[in-house]
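J.: fold the following for me, if possible:
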Amino acid sequence: MTEENTGTAEITDEREQLIADLLEEAHGLRMKYEEFSYYTETKVAEFVLARKELTAERDDALRRMELSQQDLQVLRIRQDQLHLELIKTTKQRDRARERVKALEASRAVRIAVRLRKLLRR
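T.: Numbers count the residues shown, from 1 in each chain. I've put the predicted structure just below:
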């Protein structure tokens with residue numbers, strides 16, 4: 001009977017050792033799972049922060065682009081106004097030149113010029 005007890009004791013010891021090994025392996029797997037879970041949560045948090053930063057940068061760039069477009073529109077309107085003023089001024093200049101030519105060509109101006117020349121002598 002002692003042999004039977006020793007045989008069952010060995011079987012019991014082997015079972016206990018197997019159970020202990022399985023529990024240790026389960027604990028190791030649980031620890032690896034926790035490490036992996038922590039790693040994934042960290043990466044997700046980094047992604048969320050990066051996404052917030054990129055979204056803020058994009059929004060800022062869009063705002064600056066809208067302001068630039070408004071500035072460009074104002075500049076184009078001002079350019080059109082200046083162009084119209086240039087055309088107006090050029091027309092006034094041309095009319096003034098024509099008046100000067102007409103005055104210089106008039107008989108009274110020619111007579112006045114001759115009188116000045118005669119009086120200077």
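J.: mind naming the longest helix for the chain?
T.: When the chain is parsed with DSSP state H, its longest helix is helix 2-105.
J.: who does that one touch, helix- and strand-wise?
T.: Helices and strands touching helix 2-105, as assessed by 3 or more Cβ pairs under 8 Å, 6 or more residues apart in numbering; DSSP states H and E, are absent. The C-beta positions use only the backbone N, C-alpha and C, and glycine is treated the same way.
J.: report the separation between residue 111 and residue 53.
T.: 85 Å (Cβ to Cβ, to the nearest Å).
J.: residue 109 - how many residues pack around it?
T.: With neighbours defined by other Cβ atoms under 10 Å, the count for residue 109 comes to 13.
J.: picking up where we left off before, any idea how far the longest helix of the chain is from the chain center?
T.: Distance of helix 2-105 from the chain centroid (Cα atoms, centre = their mean, to the nearest Å) equals 10 Å.
J.: after that helix, which helix or strand is next? Please name it.
T.: helix 107-120 (DSSP states H and E).
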